[in-house]
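Peer 1: predicted model and sequence follow; I will ask about them next.
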Amino acid sequence: MARCDWAGPDQIYIDYHDTEWGVPEYDSRALWEKLVLDGFQAGLSWITILKKRENFRAAFADFDPDIIAGWGETDIRRLLADPGIIRHRGKIAATITNAQAWQRIEADQGFATFLWSYVDGVPLQTGLADRSAMPTQSALSVQISKDLKKAGFKFCGPTIVYAFMEATGLINNHVTTCPRHAACAALARLPAV
């Protein structure tokens, strides 16, 4: 069995595929971090974000939304001067806005609960043997994107949300010939009875 063909040749990409991508994530804060990073990835390659991820964590207070929600223009200027991250004013400002939106959802129902409710708490399994047949968005990613935007999120279009769903295991898009397909499927939590 061979891993998904996108995973390589860089070791950081292989490690990400083999240990993180598609693993169901149930932690609200970790889900928020991954959504923010997917927003920063828009228009860029994912490996660019992976290589800068630790810099992002340092620059963004380890992605603590409760800290970031209180940031303002001084913090935006500081981040725009940081060569270790993607210096895009709109994406940086959106991270602050998204932290505030995360706080509202987290207080209301929990961000993880909010996201996992779209799949009834169980990851969707595409079961495809070839990534060429996989879409870049779906009706579900369109709906989640609309609902996130309604809640105040930015940089969360349907394509970003679909990539996020794949990364966080809301959908298992490892090809069936990849050993991680079955491994990620086995990690899914069953819904509470």
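Peer 2: It's in. Residues are numbered from 1 along each chain as shown.
Peer 1: can we go C-alpha only for contacts and neighbour counts from here?
Peer 2: Fine.
Peer 1: chain center to the biggest helix by length in the chain: distance?
Peer 2: Ranked by residue count and defined by DSSP state H, the top helix of the chain is helix 89-108. Chain-centre distance of helix 89-108: 14 Å, with Cα atoms, centre = their mean, to the nearest Å.
Peer 1: which ones are touching the residue nearest to residue 64 when sequence neighbours are not counted?
Peer 2: Using Cα to Cα, 6 or more residues apart in numbering and skipping the chain neighbours, the partner closest in space to residue 64 is residue 29 (7.3 Å). For residue 29, the contacting residues are 63-65, 111, by Cα atoms under 8 Å, 6 or more residues apart in numbering.
Peer 1: one more: residue 142?
Peer 2: Per Cα under 8 Å, 6+ apart, neighbours of residue 142: 157-158, 161.
Peer 1: mind checking which of the contacts of residue 29 are buried?
Peer 2: Restricting the contacts of residue 29 to buried positions leaves 63, 65, 111, with burial counted as 16 or more other Cα atoms under 10 Å.
Peer 1: tell me which of those residues fall in helices.
Peer 2: 65, 111.
Peer 1: circling back to that earlier point, the residue nearest to residue 64 - that's part of a helix, no?
Peer 2: Yes. Counting by DSSP: H, G, I helix; E, B strand; the rest coil, residue 29 is located in a helix.
Peer 1: for the closest residue to residue 174 other than its chain neighbours, give its distance to residue 41.
Peer 2: Nearest residue to residue 174, sequence neighbours excluded (Cα to Cα, 6+ apart): residue 181, at 4.8 Å. Distance, residue 181 to residue 41, by Cα to Cα, to the nearest Å: 24 Å.
Peer 1: same question, residue 186
Peer 2: Residue 186 is 28 Å from residue 41, by Cα to Cα.
Peer 1: columns pLDDT and distance to residue 148 on top of the buried ones among the contacts of residue 29, output as JSON lines?
Peer 2: Formatted as JSON lines, these follow (pLDDT from 0 to 100; distance: Cα to Cα, whole Å):
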{"residue": "63", "pLDDT": "97", "distance to residue 148": "18"}
{"residue": "65", "pLDDT": "98", "distance to residue 148": "16"}
{"residue": "111", "pLDDT": "98", "distance to residue 148": "11"}
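Peer 1: got a markdown table for the buried ones among the contacts of residue 29, with distance to residue 166 too?
Peer 2: Converted to a markdown table, those look like this (distance: Cα to Cα, whole Å):
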| residue | distance to residue 166 |
| --- | --- |
| 63 | 20 |
| 65 | 22 |
| 111 | 17 |
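Peer 1: how about low-confidence regions in this structure?
Peer 2: Along the chain, segments meeting pLDDT under 70 span 190-193.
Peer 1: what are the ranges of the strands in it?
Peer 2: 124-125, 171-172 (DSSP state E).
Peer 1: can you tell me the closest non-neighbouring residue to residue 72?
Peer 2: In space, residue 72 is closest to residue 96, 7.8 Å off (Cα to Cα, 6+ apart).
Peer 1: that neighbour: how many residues sit nearby?
Peer 2: Look at residue 96: counted by other Cα atoms under 10 Å, it has 25 neighbours.
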